[in-house]
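Asks: Based on what follows, work out the 3D shape:
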Amino acid sequence: MFFSESGHGIPVVLIHGLFGDGDNLKALGNDLASDYRVIRVDCPNHGRSEHLEYMDYPTVANMLVALLDQLQIKQAHLVGHSMGGKIAMATALIAPERVLSVVAADIAPVAYNNRHDKVFAAMTSLPLDAQDRRVALQHLLNQGVDEATAQFLLKSLRRNDGGFEWKLNLPGLIHSYPQIIGWFNSPSAPGFLTFSGPILLLHSADPTYVNADYREAIVQQFPHAVSKTIAGTGHWLHAQKPTVFNRIVHEFINEHVSGQ
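Replies: This is a model prediction of the structure:
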């Protein structure tokens, strides 16, 4: 996994969401670097990390543990947004001895319904031989993608000799999408996992991704979970209210500094 580092002290790993890269949580990283060693990763099939035909949460969690081993990090705090929050929670469940605390931003440890068909269709049909990024933007808008999402997706579009190419592994993400929106840990399945350490579910007021229906699943897997809402935000709460988001995350990690 590609990563970048800043700061010194107890490690904090920042994990972005679907279609993003390590820069998505750069503002949080800059805030935390005054007190902590911050590692921002590109998840598999994103940014500059390895392209995989298939990815699921146990696979990526084990890759994250391997990165901690590579960096000689015994334990770390994990902060993830959306898919990155699921990766953080999966790592805590699979390797709890490596995780000091978790912040999962606007996501729960549950399976979700398919909600990205329109986005995938717009991305796969994008004319990559276009010579102007504005053409790419207009194509996404014409395919029904809202402007904020379209601008976000275009951050993963880079120029090449023939026009543009996606930095992310679009075929791999499409193939793995059922696992990305799904979840691997069920109380009814053998080997059910729990994490008894501290975890904060920091979510928006929009109940799309975190709501009361998921409370039982959260508590079963994370018995010490606490929840906090940032009012006036949607799914990209870290970008919509960065000052509030960064402060809450920083304070939560400060409260759970131990194990180093």
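Asks: going forward, measure contacts between C-alpha atoms and count neighbours the same way
Replies: Fine.
Asks: Start and end of stretch 206-214, how far apart?
Replies: Its start and end residues considered, stretch 206-214 measures 14 Å (C-alpha to C-alpha, to the nearest Å).
Asks: what is the mean pLDDT for that stretch?
Replies: Taken as a whole, stretch 206-214 has a mean pLDDT of 92.
Asks: what sits up against it?
Replies: 106, 107, 108, 110, 203, 204, 233, 234, 235 (C-alpha atoms under 8 Å, 6 or more residues apart in numbering).
Asks: in which helix or strand would I find the residue most central in space within the chain?
Replies: Nearest to the mean C-alpha position of the chain, by C-alpha atoms, centre = their mean, lies residue 84 at 1.9 Å. Using DSSP states H and E, residue 84 sits within helix 83-94.
Asks: What is the helix or strand encompassing residue 40 packed up against?
Replies: Per DSSP H and E: residue 40 is located in strand 37-41. When contacts are defined as 3 or more C-alpha pairs under 8 Å, 6 or more residues apart in numbering; DSSP states H and E, strand 37-41 sits against strand 3-6, strand 11-15, helix 26-32.
Asks: Ends of stretch 77-85, what's the gap?
Replies: 12 Å.
Asks: How far away from the center of its chain is that stretch?
Replies: 4 Å (C-alpha atoms, centre = their mean, to the nearest Å).
Asks: Could you tell me the average pLDDT over it, please?
Replies: 98.
Asks: List of residues touching that stretch?
Replies: Contacts with stretch 77-85, where a contact means C-alpha under 8 Å, 6+ apart, come from 11-18, 86-88, 99-108, 180, 253.
Asks: now the strands for the chain?
Replies: For the chain, applying DSSP state E gives strands covering 3-6, 11-15, 37-41, 76-81, 99-105, 157-160, 163-166, 199-204, 225-230.
Asks: Give the other helices and strands that the first one contacts.
Replies: Packed against strand 3-6 by the contact rule (3+ C-alpha pairs under 8 Å, 6+ apart) you find strand 37-41.
Asks: relative to strand 76-81, how tilted is the strand it packs on?
Replies: If you take axes from the mean of the first three to the mean of the last three C-alpha atoms, to 10 degrees, strand 37-41 sits at 40 degrees to strand 76-81.
Asks: Can you tell me the strand partners of strand 37-41 and which way each runs?
Replies: Strand pairing for strand 37-41, determined by DSSP bridges: strand 3-6 (antiparallel), strand 11-15 (parallel).
Asks: which one of those strands is the most hemmed in?
Replies: Of all the strands paired with strand 37-41, strand 11-15 carries the top mean neighbour count, a mean of 26, counting by mean count of other C-alpha atoms under 10 Å.
Asks: Now do the buried residues in stretch 147-162.
Replies: 150, 153, 154, 156, 157, 159 (16 or more other C-alpha atoms under 10 Å).
Asks: which one in those residues is the model shakiest on?
Replies: Lowest confidence among these: residue 159, with 91.
Asks: Would you mind giving the helices and strands packed on strand 37-41 as CSV with mean pLDDT and distance to residue 217 added?
Replies: Supplementary listing: the helices and strands packed on strand 37-41 in CSV, determined by pLDDT from 0 to 100; distance: least, C-alpha to C-alpha, whole Å:
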stretch, mean pLDDT, distance to residue 217
strand 3-6, 97, 31
strand 11-15, 98, 22
helix 26-32, 97, 28
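Asks: Select, out of these, the one closest to residue 172.
Replies: strand 11-15 (18.6 Å; C-alpha to C-alpha).
Asks: hmm, who's touching that closest one?
Replies: Outside strand 11-15, the residues touching it (C-alpha under 8 Å, 6+ apart) are 22, 25, 29, 36-43, 73, 75-81, 84-85, 87-88.
Asks: Can you turn the buried part of these into a ChimeraX selection?
Replies: Buried subset of the contacts of strand 11-15, written as a ChimeraX selection, criterion 16+ other C-alpha under 10 Å:
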select :22,25,29,36,37,38,39,40,41,42,43,75,76,77,78,79,80,81,84,85,87,88
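Asks: Tell me how far stretch 227-236 lies from the chain's centre.
Replies: 16 Å.
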